[in-house]
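Engineer: A structural model of the following input is requested.
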Amino acid sequence: MNDCLFCKIIAGEIPSSKVYEDEKVFAFRDINPQAPVHVLVVPKQHIDSANDISAENLDSVAACFRAIPAIAAAEGLSDGYRVINNCGKAAGQTVMHLHFHLIGGCELGEKIV
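Structural biologist: Here you go, the predicted model:
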């Protein structure tokens, strides 16, 4: 996607605070953190949202979930963390590139956010 913010970050066209990268996944610190640790985990393959997950791109999504525990461990989240996905504008998705918020580093409680 030529105008996708996250695709530009993945390509290195826009700077980020990268915390993890492999052949299918890129993870970086959120610029507006909601907790002491707030990392965005994104597939390198452009997928608009969770509604667009398919058999053809499922491996990219699975790679994100394989990476999340390693990222959490590297960030010192041994007591737990939350993974959030916002799907669509009404749910708060502001960048139309599938991404997962990895949040932790404090007591999050039982509420969703």
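
Engineer: sec struct for Ala90, please.
Structural biologist: Recorded secondary structure, Ala90: helix (DSSP: H, G, I helix; E, B strand; the rest coil).

Engineer: measure it to Lys111 for me?
Structural biologist: To Lys111, Ala90 is 19 Å away according to C-beta to C-beta, to the nearest Å. All C-beta spots, glycine's among them, are computed from the backbone N, C-alpha and C.

Engineer: now stretch 97-113: buried residues?
Structural biologist: Buried residues in stretch 97-113, counted by 16 or more other C-beta atoms under 10 Å: 97-104.

Engineer: where in the chain is pLDDT low?
Structural biologist: 1, 112-113 (pLDDT under 70).

Engineer: which helix in it has the most residues?
Structural biologist: Using DSSP state H, we find that the single longest helix of the chain is helix 58-74.

Engineer: tell me the buried residues in that one?
Structural biologist: Quick answer for helix 58-74 (16+ other C-beta under 10 Å): 60-61, 63-64, 67-68, 71-72.

Engineer: repeat that for stretch 30-42.
Structural biologist: Buried-residue list, stretch 30-42, by 16+ other C-beta under 10 Å: 30, 35, 37-42.

Engineer: understood, closing this out.
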